[in-house]
Structures are given as structure tokens and as C-alpha cells.
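Novice: sequence plus predicted model, see below.
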Amino acid sequence: MVRSVLLPLGLLLLVAGCSHGKSDLDETLGQKITRSTCPAVAIPAYTGDVSLFSPEQSRDARALDVTATITNLRTQCDETGSPVRANVTFDVVATRANPRGERDILLPYYWTVLQAGTKILSKQVSNVQVHFADGQLRGQGTAGAAATVDKAAASLPSSVSQRLNRKRKAGDADASIDPMSDPRIRRAVDQANFELLIGFQLTKDQLAYNVSH
């Protein structure tokens, strides 16, 4: 089952920033900004791991039952049309305390699309299944997420792009001035930045445990 939900405020405060695009030096040694309309993909702080205890209420290390980590994010993005479509697959690697018997567990995870680092455009929740073979401490599962982004919204206005990439010579009056210091330029760049964030859908107790460890 996949359902739309709101991202808890606690997770918003913990979202790690992601850069979008890259910087190169042009032939005049000025900074040249090259961007992609594909959303940046990342795991927000403290949501890439989950720990299960038995009994569930315990936080004693001796009661630790399963630990799992999201890893190996793989992204495919088609930015040839509009909307831009990004698909991500990833692995969940888990370790259990007791190797006896086959076991399957379902771990809830979410993916959300953010604009300008804080504006939530969508959020969905699903489950990833992890299988443990009899006698094995380690199990693994694979899951995915997807996002669509309006290409026009993810593209910089031509005036902003020209301002960012204008070649500046040492003798120019504004040669040492970073265009990003202009609030209007920074705001336009921020608005054109989209992120696809993926993490475990944690309870408040699980999130607090991750923060403290």
C-alpha cells in the first residue's frame, strides 16, 4: 500500500542540504555553473538507519533485534521532456541478532520531493521486504522511489543563467563579486532546486534513538 502523508516537522529540521548542479572554471578562470533539471537524490540525516528491539519498548543493547541501513542508491533520470522523471532504486541491508530460522520483515520507508530545500511537494510511504535465510545473520531487500518535476520550474530564467555564467575579467568593477550574493539570484537558484529524499519512516522513538546514537 502506498499512501500520501505529510512529512513530520522533526524530519524537516533534520533534512541534510543537497547541492544541485556543479561548478566548473571557464577559460578565464571564472566560475561556470552547470545545472541539471533532475532532482538531487539524498538520504536525510538520521533516517538512513532503523533499529528494532525485542521487546519493542526496550532500548537496551542486549534487546537489539534487527538493524537496517539504506544503501547503494541508483538513479535514472530523463530530463529530455517535461515533466522530468527520476527513478531511484536502493538496497536495504539488515543484520539480526538471532540467525535461527527463515524470517521476513517489512520496513516502512518514505520518499518526498522538496523544492527550495523546504517546500514539500509530495510524500509517499511504502514498505521494503528484507529476507533472512535460515542460519544467516544478514538479509537484504530492494525497493524504489520515483519523482516527477516540472522542467520549467527546475530551469533557471535566462537572465539569471547569464548573470551566473557571465565571463568576468580581472579589471571588471564586479570581478570579485559573487553573483550568488545577490538575494534575487540566490532566491531564483533556490526555487529551481528540487530534491528527492529517501529514508526510513521512523517513529518518534526510533528517530530519537538515531539522533542520540
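Specialist: Here it is on my side, so go on.
Novice: mind listing what residue 156 touches?
Specialist: Each residue near residue 156 by CB atoms under 8 Å, 6 or more residues apart in numbering is listed here: 35, 164, 188-189, 192. Every C-beta, even on glycine, is put in place using the N, C-alpha and C of the backbone.
Novice: right, I mislabeled it, should have said residue 81
Specialist: For residue 81, the contacting residues are residue 151, by CB under 8 Å, 6+ apart.
Novice: can you give the contact residues for stretch 85-92?
Specialist: By CB under 8 Å, 6+ apart, the residues outside stretch 85-92 that reach it are 38-39, 41, 68-78, 107, 109, 111, 128, 130, 140-149, 196, 198.
Novice: can you get me the start-to-end distance on stretch 107-126?
Specialist: End-to-end distance of stretch 107-126 (CA to CA, to the nearest Å): 8 Å.
Novice: just to revisit the earlier point, JSON lines for the contacts of residue 156, including distance to residue 45, secondary structure and pLDDT?
Specialist: Below are the contacts of residue 156 laid out as JSON lines (distance: CB to CB, whole Å; DSSP: H, G, I helix; E, B strand; the rest coil; pLDDT from 0 to 100):
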{"residue": "35", "distance to residue 45": "24", "secondary structure": "coil", "pLDDT": "72"}
{"residue": "164", "distance to residue 45": "29", "secondary structure": "helix", "pLDDT": "62"}
{"residue": "188", "distance to residue 45": "27", "secondary structure": "helix", "pLDDT": "77"}
{"residue": "189", "distance to residue 45": "23", "secondary structure": "helix", "pLDDT": "78"}
{"residue": "192", "distance to residue 45": "23", "secondary structure": "coil", "pLDDT": "88"}
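Novice: can I get the residues you listed in a markdown table with neighbour count and distance to residue 87?
Specialist: Formatted as a markdown table, those follow (neighbours: other CB atoms under 10 Å; distance: CB to CB, whole Å):
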| residue | neighbour count | distance to residue 87 |
| --- | --- | --- |
| 35 | 16 | 20 |
| 164 | 21 | 29 |
| 188 | 17 | 28 |
| 189 | 20 | 25 |
| 192 | 21 | 21 |
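Novice: so which of these is the closest to residue 115?
Specialist: The shortest approach to residue 115 among the contacts of residue 156 belongs to residue 192, at 8.6 Å (CB to CB).
Novice: coming back round to it: can you flag the buried ones in the contacts of stretch 85-92?
Specialist: 38-39, 41, 68, 70, 73, 77, 107, 109, 111, 128, 130, 140-141, 143, 145, 147, 149, 196, 198 (16 or more other CB atoms under 10 Å).
Novice: so which of these belong to strands?
Specialist: Members of these lying in strands (criterion: DSSP state E): 41, 68, 70, 73, 77, 107, 109, 111, 128, 130, 140-141, 143, 145, 147, 149, 196, 198.
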